[in-house]
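# Return a 3D structure for these sequence lines:
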Amino acid sequence: MDLTTHTKRQLSYAEGYLALGMKDDAAAALKEIEAAQRKETSVLILSLAVHVERADWKPAAAIGAVLCEREPNVPGHWIQWAYAARRHKGLTEAREILMRGVGQHPTEAVFHFNLACYEAQLGHLDDARVFLDTACGLEEEFVALSKTDPDLEPLRIQS
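Below is the predicted model:
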């Protein structure tokens, strides 16, 4: 379904509000979109961003799941879904999501890094180390990040 002019305008408003940090106004702009159009992928992507910014974890996780089903080839959908799920349902749920996602995106370092964080927090330090080594091997920037990320503290204590 093509987006109506009204929907395109509301998306533009919502994007602008979000860029200005006006999360509630962004959410209000999205609510002005007719129900049938709210299910469109481009609307869902912006809705997910608004829910994440507002720390509305339950709807963010639900939208993330839909986006991953529709567009499993987009790594960011998986990352945002796991992020929201971690806050809504916990580490185990987020870990399961990223384990599915990393299978589709094995060369995306952020999956491995986030899995290292989750495994470290769950006390699975050997698994955490493997994921961290993979992330750092794929993207060097994660070496520095691994020294300060609080989720990886259990690994730093062990070393």
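
# In contact with the most centrally placed residue in the chain, which residues are there?
By C-alpha atoms, centre = their mean, the chain has its centre lying nearest to Gln80, at 1.0 Å. When contacts are counted by C-beta atoms under 8 Å, 6 or more residues apart in numbering, Gln80 is found next to 48-49, 52, 60, 64, 67. Where you see a C-beta, it was placed from the backbone N, CA and C, and this is true even at glycine.

# Mind doing that once more with 7 Å?
Contact partners of Gln80, counting by C-beta atoms under 7 Å, 6 or more residues apart in numbering, are 48, 52, 64.

# Give me the buried stretch members for the lowest-mean-pLDDT helix or strand in the chain, please.
Lowest mean confidence among the helices and strands of the chain (mean pLDDT, DSSP states H and E): helix 153-158, at a mean of 91. Buried residues in helix 153-158, defined by neighbour count with 16 or more other C-beta atoms under 10 Å: 154-155.

# Need the CA coordinates for it. PDB is fine.
Backbone C-alpha positions of helix 153-158 (Å, rounded to 0.1, in the frame of the first residue of the first chain) are rendered in PDB as follows:
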ATOM      1  CA  GLU A 153      32.600  -5.900  33.900                       C
ATOM      2  CA  PRO A 154      32.400  -9.600  34.900                       C
ATOM      3  CA  LEU A 155      35.000 -10.400  32.100                       C
ATOM      4  CA  ARG A 156      37.300  -7.600  33.300                       C
ATOM      5  CA  ILE A 157      37.100  -8.900  36.900                       C
ATOM      6  CA  GLN A 158      38.000 -12.400  35.600                       C
END
